[in-house]
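Sequence plus the predicted model coming up.
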Amino acid sequence: MRVLTRGPGKKRGCLTFALEGDALAMVDTLKFDFVVIGTGPGGEGAAMRARKGGKQVAAVERFSQVGGGCTHWATIPSKALRQAIYHTTLCNQNSIYKSMEVQAKFSFPDLLATANAVIAKQVDLREGFYDRNDVALLAGSATFVDPHTIEIHSPGAVTKRITADAFVIATGSRPFRPNDVDFTHPRIFDSDTLLTLDRTPTSIAVYGAGVVGCEYASMMRNMQVRVQLVNTRDKLLAFLDDEIIDALSYHLSENGVRILHKEEYERVEATDSGVILHLQSGKKIRSDVLLWANGRSGNTENLGLEAIGVVPNHRGQIDVNEHYQTSQPHVYAVGDVVGYPSLASASYDQGRFAAGHFCGDSNHRLVQDIPTGIYTSPEISSIGKTERQLTDEKVPYEVGKAMFKHLARAQITGQTVGMLKLLFHRETLALLGIHCFGQNSAEIIHIGQAIMLQPPPNNTLRYFTNTTFNYPTMAEAYRVAALNGMNRVF
Ligand SMILES: Cc1cc2nc3c(=O)[nH]c(=O)nc-3n(C[C@H](O)[C@H](O)[C@H](O)COP(=O)(O)OP(=O)(O)OC[C@H]3O[C@@H](n4cnc5c(N)ncnc54)[C@H](O)[C@@H]3O)c2cc1C
């Protein structure tokens, strides 16, 4: 984990509580309208929205900087690392550099270090949001003592009491760690501690093939590390469209990742020379390091939830209603701590939505129709129904496809692996699902999303056949896929 602390000369109001403890020690209890616990995307979205609604807002954060796990040990470092690996891969594959005998060689920590600059920029930007909007930032760990009061504990600072009319719990999640795996061993990592790996491993076993497991398996393989990906289920990322799952499996395997399906661990044996993952099937997987990427737990411990009668489930997650209210209507919960979809994108909107509800805003929209963005190689993105779902629901649908290898832009960039697939109702021509893999899929999906979420009759495949696209672009894939789909309609 990268910790970028700021010195005492810092100008902005971040972590006021620790820095101005003496002054604040004069006050017994602070009162706000709205208090957010956690400054990840969920907390930030809620704090900013409540402030725009004219409320007096405070945000409590136990880490030394704002931004949440998202900025410091999850989304941002992993995506910055991926980009750095991508650049070195491109350089090493480029024929011009090859002829000049230029070869990019970097270690895992070198590449990871590039993330620090991005993290610092993100922290600076986000601190500015709290500053400009006059949201008080309070450093320390929040614990409920009664339904309208929290205590903030910070080492070396006076414990403070804060009362508020409403609260948002946006405390995020952490990797699930089974008791029988020794995470103190220097060869055993989870997605948080992997960011402390101080060398390039020769091989890695990734246990758990969810989004995080698949993303890190891709990244490590692109660094030429030998990768074995152990999936506890029978397919990778089963929530995706089958054709996309097949494409991911094919490209990971083709790139050299060994994938094992339907395997459960029996025990983990870590020694000075490596880690052996003993599987219940009798197989043994030996690797230099092990990445445990099997599930996450909500950060609800030590929150004092028992004092307000909110009971988390066995994964530490909090149940909420459609307004993100817990069983205490004035206590909201958003982001990873409520479970699905556990995305930074959705967490931010959930926070805004919860605060909008508190402010009595009838225009706030439900957080639904969330696209997936999966940064494997190839990148994957999708929104809406899969073919499997539409078939089960007996919806009369058709398919239109564009293969990236047939697009001029992809040929020019050399990024020809990929496909855009549109699923649409064969009678109304309304888009029902969009599935994409290949370079920039996570961006490409949003063009289709903008049409698919229009009310009838504006959600129509005809938009793409009647629109002139820039040429050469990847966006053109929509016209190609739409025309391909229309050809199947009779
Ligand atoms: C490796 C990895 C890659 C990811 N990549 C993506 C991606 O590409 N795209 C995407 O959309 N999502 C991605 N995610 C998911 C994304 O990071 C999370 O969904 C998002 O961070 C959740 O936001 P949040 O606000 O709920 O919590 P967080 O961002 O985790 O923030 C929670 C904050 O609450 C603080 N906190 C906790 N308890 C207390 C307390 N008692 N008092 C005070 N403060 C407290 C924590 O210190 C933390 O700062 C990724 C996750 C991982 C692990």
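Perfect, I can see it now. Numbering: from 1, shown residues only.

so where's this structure shaky on pLDDT?
Along the chain, segments meeting pLDDT under 70 span 1-28.

how about the nearest residue to I150, chain neighbours excluded?
A142 (4.7 Å; C-beta to C-beta, 6 or more residues apart in numbering). Just so you know, the C-beta spots here come from the backbone N, C-alpha and C atoms, and that holds for glycine as well.

ok, that neighbour - how many residues close by?
26 (other C-beta atoms under 10 Å).

One more: P186?
P186, neighbours per other C-beta under 10 Å, totals 12.

ok but it is inside a strand, no?
No. Applying DSSP: H, G, I helix; E, B strand; the rest coil, one finds P186 to be coil, outside a strand.

Starting from D180, give me the distance back to it.
18 Å (C-beta to C-beta, to the nearest Å).

can you check I380 too?
The value you get for I380 to D180, if C-beta to C-beta is used, is 33 Å.

Please identify which of the two sits among more neighbours.
Taking other C-beta under 10 Å, I380 and D180 do not tie; I380 has more neighbours (27 against 9).

What sits closest to L423 if chain neighbours are left out?
G433 (3.9 Å).

can you pull the buried residues of the helix or strand that contains L390?
Assigned by DSSP states H and E, L390 belongs to helix 387-392. Burial within helix 387-392, assessed by neighbour count using 16 or more other C-beta atoms under 10 Å, is assigned to E387, Q389, L390.

and what of stretch 430-447?
430-442, 444-445, 447.

and what of stretch 181-199?
V181, R187, I188, F189, D190, S191, D192, T193, L194, L195, L197.

I'd like the next helix or strand past the longest helix along the chain.
The residue-count maximum for a helix in the chain (DSSP state H) belongs to helix 108-132. Later in the chain than helix 108-132, the nearest helix or strand by DSSP H and E is strand 136-139.

Direction included, what does that next one pair up with?
In the sheet, strand 136-139 lines up against strand 57-61 (parallel) (DSSP bridges).

quick one: V334 and A46 touch, right?
Yes. With contacts counted by C-beta atoms under 8 Å, V334 reaches A46, the gap being 6.4 Å.

Contact residues of the stretch 1-150 of the chain facing the ligand?
37-43, 60-63, 68-70, 74-75, 78-79, 141-142 (C-beta under 6 Å from any ligand atom).

shared neighbours, V334 and A46?
V168, A170, G351, A354 (C-beta atoms under 8 Å, 6 or more residues apart in numbering).

Which helix or strand contains the last one?
Same thing as A354. helix 344-358.

how far out from the middle of the chain is the very next helix or strand once past that helix?
For helix 344-358, the succeeding helix or strand toward the C-terminus, using DSSP H and E, is strand 372-374. Distance of strand 372-374 from the chain centroid (C-alpha atoms, centre = their mean, to the nearest Å) equals 8 Å.

residues in contact with the residue nearest to N133 when sequence neighbours are not counted?
Nearest residue to N133, sequence neighbours excluded (C-beta to C-beta, 6+ apart): R51, at 4.6 Å. Residues counted as contacts of R51 (C-beta under 8 Å, 6+ apart) are V57, N133, D134, V135.

And the last one, how close does it get to the ligand?
Translated: V135. Here V135 is placed at a distance of 14 Å from the ligand (C-beta to the nearest ligand atom, to the nearest Å).

so how many other residues sit close to that residue?
26.

re earlier: list buried residues within the residues of the stretch 1-150 of the chain next to the ligand.
If we count by 16+ other C-beta under 10 Å, those have these buried: 37-43, 60-63, 68-70, 74-75, 78-79, 141-142.

if we can go back for a sec, go through the buried residues of stretch 181-199 and flag which are in strands.
Among the buried residues of stretch 181-199, the members falling in strands (DSSP state E) are I188, F189, D190.

what is the second one paired to in the beta sheet?
Using DSSP bridges, the bridge partners assigned to F189 are L291.

Distance of it relative to D198?
F189 is 11 Å from D198, by C-beta to C-beta.

Please identify the residue of the stretch 251-400 of the chain positioned nearest to the ligand.
Closest approach between the stretch 251-400 of the chain and the ligand, counting by C-beta to the nearest ligand atom: G335, at 2.1 Å.

Let me know whether the residue nearest to L423 touches T391 as I believe.
No. Assessed by C-beta under 8 Å, G433 is found out of contact with T391, at 11.6 Å.

what about the residue in the stretch 101-250 of the chain positioned nearest to the ligand, neighbour count?
Closest to the ligand within the stretch 101-250 of the chain is G172: 2.3 Å, counting by C-beta to the nearest ligand atom. Neighbour count for G172, taken as other C-beta under 10 Å: 24.

my guess is it contacts D336, does it?
Yes. Counting by C-beta under 8 Å, G172 does reach D336; the two are 4.6 Å apart.

Common neighbours of these two, please.
G40, G42, G69, G298, N299.

can you list the residues of the stretch 301-450 of the chain near the ligand?
L303, G335, D336, V337, S342, L343, A344, S345, S347, G373, Y375.

what's the closest of those to Q280?
Closest approach between these and Q280, by C-beta to C-beta: S342, at 27.0 Å.

my read: that closest one touches P175, true?
No. The pair S342 / P175 is not scored as a contact, 12.0 Å apart, by C-beta under 8 Å.

so what sits against both of the two?
R296.

Grab the most central residue of the chain for me.
L343 (4.1 Å; C-alpha atoms, centre = their mean).

Now do the same contact list for that residue.
Here L343 is in contact with I370, T372, G373 (C-beta under 8 Å, 6+ apart).

Can you report how many residues neighbour the second one?
Neighbour count for T372, taken as other C-beta under 10 Å: 20.

That one pairs with what?
S382.

That one and H435: what is the separation?
From T372 to H435 the distance is 10 Å (C-beta to C-beta).

Residues that sit against both of the two, list them.
What both T372 and H435 touch, as defined by C-beta under 8 Å, 6+ apart, is the set L240, S382.

which residues in the stretch 151-300 of the chain form helices?
211-222, 242-254 (DSSP state H, counting those that start in this stretch).

Including distance to the ligand and mean neighbour count, could these go into CSV?
Output for the helices of the stretch 151-300 of the chain, formatted as CSV (distance: least, C-beta to the nearest ligand atom, whole Å; neighbours: other C-beta atoms under 10 Å):
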stretch, distance to the ligand, mean neighbour count
helix 211-222, 5, 24
helix 242-254, 16, 17
